[in-house]
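[1] sequence first, then the predicted structure, then my questions.
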Amino acid sequence: MIYDIIIIGAGVVGTSIARELARYQLKIAIVEKEEELAFGVSKSNSGIIHPGTQNSPESLKGKLCVKGNKLIRKIARELGVDFKQVGELIVAFNENDLARLEELKEEGKKLGVPRLKIVGKKWLREREPNLSKNAVAALYAPTAGIVSPYRLAYDMAENAMQNGVKIYTNSKVSEIHPIKSKENSTAHFEIEIPSGTLKSRYVVNAAGLFADEIARMVGIDDFKITPRKGEEFILDKKREHIANHLLFPLPSKTSKGILVIKTADGNPMIGPTAQDGDDKKDLSTSDQGLKKVLEGVNRMIPSINENDIIAYFAGLRPVAGDDFIIRHENKVPGFINVAGIQSPGLTAAPAIALMVCDILKSAGLKLKKRKVFHSHRKKTVHLFETSLRKTKKLIEKDPAYGDIVCRCEMVSRKEIEDAIARGATTLDGIKFRTRAQAGRCHGGFCTTRIMKILSESLKKSPTKITKNGSGSEIVTKERDND
Ligand SMILES: Cc1cc2nc3c(=O)[nH]c(=O)nc-3n(C[C@H](O)[C@H](O)[C@H](O)COP(=O)(O)OP(=O)(O)OC[C@H]3O[C@@H](n4cnc5c(N)ncnc54)[C@H](O)[C@@H]3O)c2cc1C
């Protein structure tokens, strides 16, 4: 079979593109090198749906960010995604910085960011009681929001699959051969993955940090992806109301600065740092990173304390210059690069998807609507956000909802079994979909139980159950019974 389109990379960008293209009568596949989806950059970011501020008015990323912020609302309703509009404040601590706030406001207005306003000390005291008394003013962007980045990617992918998209995991693309033909209609690409060769008329490269390596496979070598590391620190849920908005300092040239972040799951987060490196696999965190983050956030909220931190991680922004690279490669007809998708790529993803559809259309792909497109998916049940009354009803219907596996985050056996039915095969896959293991004890109590459920549901030996794919097995030997 020849696919119409193969998308390389199942992060939030690849899955958004797949879902958008699934509206049309096309044969579509996503090819992902990891064991599960959203195990790349899309799993380790701040989860902010940016309003569009802090981008140059001419930039592609700025325009796509503003559009993505609008689009996410409908998508969230359709897919049952936990988007919350919480608003953001870019805070100035010095009268001299007021001019910069005005500049940011004007730039935002040029991009079409709605309802921006500068707020003063009184406004801030009333609405952000924990904010430093040194804050003099802020740029308020009410349309900023938060979302669970991995749940968004999973929901996009599931809905795409519901509409016929095929997903290949554990399928690292190692070579791509453009096959030329005299009649252009039969020209296609041959894509090598471990299980064989896939054929496709068009290829969309959404490979995140590795998009430059994929582009090089077809002879495009005019950009290089540099990983820009961001270390983030998650605070205990009891600090959930430490801030009522997303809090930003004035941005620098390379980053939006160290933030106080509200998350879809309730735990506040502080970070990220911004450090250019050359190792695309280095996800280490450091004492220096922690120090920098604490210094940064304490300028905004002095009461945040190192002891509030329950977990940390690092993510790598795929940087290829200042802007996104989204284009059809005329040198390689049918090949579309979606590269350098650094922040605000999570926000921009739905708008990137629409842009890619337009590019494919201009490159000759016929976009004929499907007779039936399933735009909605049933919202996933999460007991942590379900009222007690409703939880009781769920348990009456299925007692597995009453069997709590993760006590920190209140996740039941039924939710874990559902996550497996929806595609989870690893401990991280369960964590990102359900939050089991994401609480204060980091899975100290529930990991063995989850492994048992995975092992029974997938009919795999516990020695084959991994944290996040081959090489991350947890146990090496089953105990002899005698
Ligand atoms: C610290 C940090 C904070 C951020 N905060 C925000 C934020 O708050 N808001 C926001 O809008 N954006 C934010 N971003 C940016 C956002 O996370 C990214 O723009 C977005 O996740 C990129 O998604 P992607 O799908 O392009 O990449 P990825 O999620 O990395 O997906 C690419 C996929 O391609 C796969 N792949 C790679 N090579 C191959 C191959 N050879 N074969 C098959 N598959 C392959 C990878 O395994 C991966 O799954 C942040 C980023 C970082 C690092």
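    Happy to help now that I have it.

[2] okay, G47 and R115: tell me how far apart.
    Using C-beta to C-beta, to the nearest Å, one gets 22 Å for the distance from G47 to R115. Just so you know, the C-beta spots here come from the backbone N, C-alpha and C atoms, and that holds for glycine as well.

[3] more neighbours: the two, which one.
    Neighbour tally, G47 and R115, criterion other C-beta atoms under 10 Å: the higher count belongs to G47, 23 against 10.

[4] which parts of the stretch 201-350 of the chain sit against the ligand?
    206-210, 214, 230, 232, 272, 315-317, 341-347 (C-beta under 6 Å from any ligand atom).

[5] among the residues you listed, name the ones in helices.
    I214, G345, L346, T347 (DSSP state H).

[6] in the stretch 1-150 of the chain, what residue comes closest to the ligand?
    Closest contact between the stretch 1-150 of the chain and the ligand, by C-beta to the nearest ligand atom, is at G11 (2.1 Å).

[7] what of the stretch 301-450 of the chain?
    G345 (2.0 Å).

[8] residue contacts, that residue?
    Listed by C-beta atoms under 8 Å, 6 or more residues apart in numbering, the contact partners of G345 are V12, V13, V41, K61, F324, I352.

[9] which elements pack onto the longest helix anywhere in the chain?
    The longest helix of the chain (DSSP H) is helix 60-79. Packed against helix 60-79 by the contact rule (3 or more C-beta pairs under 8 Å, 6 or more residues apart in numbering; DSSP states H and E) you find strand 48-49, helix 98-111, helix 149-162, helix 345-362.

[10] would you list the ones you listed in TSV and tack on mean pLDDT?
    Output for those, formatted as TSV (pLDDT from 0 to 100):
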stretch	mean pLDDT
strand 48-49	98
helix 98-111	96
helix 149-162	97
helix 345-362	98
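
[11] how many neighbours does T197 have?
    Neighbours of T197 (other C-beta under 10 Å): 11.

[12] try I453
    There are 20 residues near I453, going by other C-beta under 10 Å.

[13] give me phi/psi at I395?
    As for I395, its main-chain torsions (degrees, to the nearest 10) stand at phi -70, psi -40.

[14] that one against D403, yeah?
    No. Counting by C-beta atoms under 8 Å, I395 stays clear of D403, with 9.1 Å between them.

[15] quick one, what contacts S16?
    M156, A349, P350, I352, A353.

[16] what of A353?
    Contacts of A353 (C-beta under 8 Å, 6+ apart): V13, S16, I17, R19, E20, L21.

[17] name the element the second one belongs to?
    S16 belongs to helix 12-21 when elements are defined using DSSP states H and E.

[18] quick one: buried residues of that helix?
    Under the neighbour-count criterion of 16 or more other C-beta atoms under 10 Å, helix 12-21 has V12, V13, G14, T15, S16, I17, A18, R19, E20, L21 buried.

[19] then stretch 421-430?
    If you call a residue buried by 16+ other C-beta under 10 Å, then stretch 421-430 has these buried ones: G423, A424, T425, T426, L427, D428, G429, I430.

[20] of those residues, closest to L89?
    D428 (32.8 Å; C-beta to C-beta).

[21] that closest one is in contact with I465, isn't it?
    No. Between D428 and I465 there is no contact, the gap being 11.3 Å when judged by C-beta under 8 Å.

[22] related to what we said a few turns ago, of the residues of the stretch 201-350 of the chain next to the ligand, buried ones?
    The neighbour-count test (16+ other C-beta under 10 Å) marks 206-210, 214, 230, 232, 272, 315-317, 341-347 as buried among those.

[23] please report how far I214 lies from F189.
    11 Å.

[24] shared neighbours of these two, which are they?
    I176.

[25] got a list of what the closest residue to Y24 other than its chain neighbours touches?
    The shortest distance from Y24 to any non-neighbouring residue, by C-beta to C-beta, 6 or more residues apart in numbering, is to L367 (4.7 Å). Contacts here follow C-beta under 8 Å, 6+ apart; on that basis L367 touches Y24, L26, C357, L360, K361.

[26] what does the stretch 51-200 of the chain put close to the ligand?
    So the stretch 51-200 of the chain meets the ligand at K172, V173 (C-beta under 6 Å from any ligand atom).

[27] the closest residue to the ligand within the stretch 51-200 of the chain: neighbour count?
    Distances between the stretch 51-200 of the chain and the ligand by C-beta to the nearest ligand atom are smallest at V173, namely 3.7 Å. V173 sits with 24 neighbouring residues when counted by other C-beta under 10 Å.

[28] show me this structure divided up by domain.
    2-42+149-224+322-362, 88-142+226-318, 383-464 (automatic domain parsing).

[29] hey, what's the nearest residue to C446 once chain neighbours are set aside bridged with?
    Leaving aside its chain neighbours, C446 sits nearest to C406 (4.4 Å; criterion: C-beta to C-beta, 6+ apart). Taking DSSP bridges, one finds V411 as the beta-bridge partners of C406.

[30] C406 contacts G444, correct?
    No. If you go by C-beta under 8 Å, C406 and G444 don't touch, sitting 10.4 Å apart.

[31] now do the helices in the stretch 151-300 of the chain.
    211-216, 287-300 (DSSP state H, counting those that start in this stretch).

[32] now the last one: buried residues?
    Buried residues in helix 287-300, counted by 16+ other C-beta under 10 Å: G289, L290, K292, V293, L294, G296, V297, R299, M300.

[33] the nearest residue to the fifth one once chain neighbours are set aside: neighbouring residues, count only.
    Same thing as L294. Nearest non-adjacent residue to L294, counting by C-beta to C-beta, 6+ apart: E306, 6.3 Å away. As a burial measure, E306 scores 10 neighbours (other C-beta under 10 Å).

[34] ok, E306 to S132 distance?
    18 Å.

[35] try N468
    39 Å.

[36] please apply the same query to A320.
    A320 sits at a distance of 36 Å from S132 (criterion: C-beta to C-beta).

[37] out of the ones in helices among the residues of the stretch 201-350 of the chain next to the ligand, who's nearest E88?
    Nearest to E88 among these, with distances taken as C-beta to C-beta, is T347, at 11.7 Å.

[38] isn't the closest one up against G62?
    No. Contact criterion C-beta under 8 Å: T347 and G62 do not qualify, at 10.6 Å.

[39] quick one, strands of the stretch 101-250 of the chain?
    Secondary structure of the stretch 101-250 of the chain by DSSP state E, counting those that start in this stretch: the strands cover 117-120, 137-141, 145-146, 166-168, 175-179, 188-193, 196-205, 226-235, 246-248.

[40] check which residues of the fourth one are buried.
    Of the residues in strand 166-168, those with enough neighbours to count as buried (16+ other C-beta under 10 Å) are K166, I167, Y168.

[41] could you do stretch 373-389 as well?
    Those would be S375, R377, T380, V381, H382, L383, F384, for stretch 373-389 by 16+ other C-beta under 10 Å.

[42] check stretch 359-372 too.
    I359, L360, A363, L365.

[43] who touches the first one in this structure?
    It stands for I359. By C-beta under 8 Å, 6+ apart, the contact list for I359 reads I326, R327, H328, I336.

[44] what's the separation between the last one and T347?
    Read that as I336. I336 is 21 Å from T347, by C-beta to C-beta.
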